[in-house]
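Trainee: Sequence isn't available, so here's the structure alone:
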Ligand code: EPU
């Protein structure tokens, strides 16, 4: 009888269908797992020992620069379970392999509020806490309670409460100290049965006014966010991309003041502590890159922060364009852009 390892792990697998930038790269070993038990059995097999491991969810935030010389684990663990309920709230435990947007709509359909502003974000539930996904005034950490993850070395299940996750802007402990140490298997969110809506993001409020919606529901917010995203961001099914390629830089106030002396219309959001968040999309557009086509790559015409694959771009071509953008933004504004996308080379995350 073959072991789980032998029946699930394939060799030399093309990763094109597993990354939304549609980059062709090969994984030396690849397995799709549907349960925590399969995951543990693969990890404890002697052949996994010493292999570099890369976890893939929806592949919507990853750039393969070349082939990956290790084991890719595609997490397909499903499941939705209400584990606790009060008159006000429900606690929903979700398998890491569930599609994030389907979970958002499931919650909206049930009248559970909290993640409607995060509609249409590509990727899986397990990936959501890693980079603390955020959009339209809401970040995952606001509804996050705890997650369960399998420790790669010891193969036991561990629980991480919110206070241990070190959430920040597009950041968590799973991108730092615990990178490559654990694999998320489920996430618990606390959602509200009497939701308070977040309409702080200008574009949401103006859509509500335009549609003459006076008392919006979570479904209205979700529908509006879907429309805004569709109008600004390319659908990876028709144009390869990984959403925002860079993070929005947070700079010292004096750096921002220097920018507005020259560009009085420069957008910036006060972050407190004499820091300002400057939209990377604006910097990239000002540097002349918006909608530019460079070989098989380019930036999206409606949103310069999104790098796209117009055809058969290689990971290296995308990386070269990103480096050129980074250099011109540095020259023009003195600001270092940091990728938001995970860059994977042959031996792991860069
Ligand atoms: N802008 C430009 N030119 C551009 C793009 C943007 O001038 O080409 C300006 C806009 O005019 C606006 C500002 O930049 O003043 C902000 O733009 P936008 O509202 O499109 O949001 P963003 O800061 O570019 C962030 C997230 C998105 C998220 C949106 C909405 C990051 C790195 N990106 O983008 O997240 O959907 O806010 O909340 O924080 C992602 O992470 O993949 C992603 C798409």
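Mentor: That came in fine, so what should we check first? Everything quoted here is computed from the prediction, not taken from an experiment. Numbering: from 1, shown residues only.
Trainee: Quick check: residues of this structure near the ligand?
Mentor: Contact residues, the chain versus the ligand (C-beta under 6 Å from any ligand atom): 135-136, 232-233, 243-244, 247-248, 267, 279, 281-282, 285, 290, 303-305, 340. No exception for glycine: its C-beta is placed from N, CA and C like everyone else's.
Trainee: Now go through those residues and say which are in helices.
Mentor: 232, 281, 282, 285 (DSSP state H).
Trainee: okay, the residue lying closest to the last one once chain neighbours are set aside: pLDDT?
Mentor: Okay, so that is residue 285. Excluding its sequence neighbours, the residue lying closest to residue 285 (C-beta to C-beta, 6 or more residues apart in numbering) is residue 304, at 4.3 Å. As predicted, residue 304 sits at a pLDDT of 98.
Trainee: Likewise for the one 5 residues further on?
Mentor: pLDDT, the model's per-residue confidence, is 98 for residue 309.
Trainee: can you check residue 345 too?
Mentor: 88.
Trainee: For it, which residues count as its bridge partners?
Mentor: Under DSSP bridges, the beta-bridge partners of residue 345 are residue 348.
Trainee: Pretty sure it sits against residue 63.
Mentor: No - applying C-beta atoms under 8 Å as the test, residue 345 and residue 63 come out as separate, 9.6 Å apart.
Trainee: Between these two, which has more neighbouring residues?
Mentor: Neighbours were counted for residue 345 and for residue 63 using other C-beta atoms under 10 Å; residue 63 has more, 24 against 17.
Trainee: Tell me how far that one lies from residue 243.
Mentor: Per C-beta to C-beta, to the nearest Å, residue 63 is found 11 Å from residue 243.
Trainee: for residue 65, same thing?
Mentor: Counting by C-beta to C-beta - residue 65 and residue 243 are separated by 18 Å.
Trainee: Which residue is it, in the stretch 1-150 of the chain, that comes closest to the ligand?
Mentor: residue 135 (3.7 Å; C-beta to the nearest ligand atom).
Trainee: ok, now which ones touch that residue?
Mentor: Going by C-beta atoms under 8 Å, 6 or more residues apart in numbering, residue 135 touches 117, 118, 121, 225, 229.
Trainee: How is the fourth one classified with respect to secondary structure?
Mentor: Applying DSSP: H, G, I helix; E, B strand; the rest coil to residue 225 yields a three-state assignment of helix.
Trainee: tell me the contacts of it?
Mentor: By C-beta under 8 Å, 6+ apart, residue 225 lies in contact with 116, 117, 118, 119, 120, 135, 136, 204.
Trainee: quick one, what contacts residue 84?
Mentor: Each residue near residue 84 by C-beta under 8 Å, 6+ apart is listed here: 90, 91.
Trainee: can you confirm residue 326 is in a helix?
Mentor: Yes - applying three-state DSSP, one finds residue 326 inside a helix.
Trainee: ok, back up a step: the more surrounded of residue 65 and residue 243?
Mentor: Per other C-beta under 10 Å, whichever of residue 65 and residue 243 has more neighbours is residue 243, with 23 against 18.
Trainee: Tell me where the protein is predicted with low confidence.
Mentor: By pLDDT under 70, the low-scoring segments of the chain are 1.
Trainee: go again using 80 as the cut-off
Mentor: Low-confidence segments of the chain, defined by pLDDT under 80: 1-2, 347-350.
Trainee: max-length strand in it?
Mentor: Secondary structure assigned by DSSP state E gives strand 182-192 as the longest strand of the chain.
Trainee: Skip ahead from that strand and say which helix or strand is next.
Mentor: helix 202-210 (DSSP states H and E).
Trainee: So which elements touch that following helix?
Mentor: helix 218-232 (3 or more C-beta pairs under 8 Å, 6 or more residues apart in numbering; DSSP states H and E).
Trainee: What residues of the helix it packs on count as buried?
Mentor: Within helix 218-232, the residues that count as buried by 16 or more other C-beta atoms under 10 Å are 218, 220, 221, 222, 223, 224, 225, 226, 228, 229.
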